[in-house]
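Chemist: Provide a 3D model corresponding to the input given below.
(one chain, ligands or ions: 1)
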Amino acid sequence: MTTSMAHNPPKRCSKCNEFFTIPMHASVNTKKCKCNDIKEDLFIDMDGVLVDYDLAVEGLSEEEAIKTRRTPGFFKDLKPMENAIWGFHKLAQKYNVYILSTPSWSTPTSWTEKVIWTDRNIGSAAEKKIILCHNKGLFKGRALIDDRTVNGVEEFKGEHIHFGSEKFPDWKAVLEYLL
Ligand SMILES: [Mg+2]
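Modeler: Numbering: from 1, shown residues only. Next comes the predicted model:
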């Protein structure tokens with residue numbers, strides 16, 4: 001054993017059970033294992049959670065709604081849900097937040113437009129944090145905030161926060177629970 005190890009032996013973290021060494025002359029803030037800096041992953045759906053999809057097709061017949069959502073430009077110009085942008089930024093302070101959205105296969109422009117929407121409405125906090133996927137059950141994290149149970153939501157490895165349900169009717173309720 002070297003002299004420095006004798007004076008500064010590794011400690012086992014009670015949280016992650018890994019050994020860590022406290023740097024010599026460390027301040028109080030750095031006397032912690034690195035796991036304290038790791039944020040949990042959190043996933044957020046787009047349509048019906050971040051994006052007000054229903055508002056854009058309100059009052060339209062099913063046929064008109066299909067035609068409207070297949071029109072290039074539809075997905076990039078949708079309005080955000082009330083408090084959604086504020087909520088995203090609040091959650092991003094505590095969690096490693098990803099957008100997990102299922103794009104429309106029949107509207108290939110939706111793939112590009114979801115990125116454009118995110119860049120316009122959320123900005124750098126969501127840069128390179130978008131996952132477009134048809135099976136949300138492949139992912140694991142603290143929670144998935146989603147307004148539906150389709151596309152693998154029920155198989156997600158973590159808690160499903162059912163947005164729009166009685167327990168989580170809006171963004172305020174979600175933040176009260178997660179922060
Ligand atoms: Mg949705």
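Chemist: could you point out the longest helix in the protein?
Modeler: helix 109-121 (DSSP state H).
Chemist: does the residue nearest the centre of the chain count as helix, strand or coil?
Modeler: Averaging the C-alpha coordinates of the chain gives a centre point, and the residue nearest to it by CA atoms, centre = their mean is Phe43 (2.9 Å). With DSSP: H, G, I helix; E, B strand; the rest coil as the basis, the three-state label of Phe43 is strand.
Chemist: what's the pLDDT at it?
Modeler: According to the model's per-residue confidence, Phe43 sits at a pLDDT of 98.
Chemist: before we move on, what about the one 10 residues further on?
Modeler: The model reports Tyr53 with a pLDDT of 93.
Chemist: Please name the residues that touch it.
Modeler: Under the criterion of CB atoms under 8 Å, 6 or more residues apart in numbering, the neighbours of Tyr53 are Asp47, Leu78. In short, each C-beta sits where N, CA and C put it, glycine included.
Chemist: before we move on, the earlier item: verify the stated contact: the residue nearest to the centre of the chain with Tyr98.
Modeler: Yes: in terms of CB atoms under 8 Å, Phe43 counts as a neighbour of Tyr98; the distance is 5.1 Å.
Chemist: which residues are in contact with both of the two?
Modeler: Between them, Phe43 and Tyr98 share the contacting residues Ile131, Gly141, judged by CB under 8 Å, 6+ apart.
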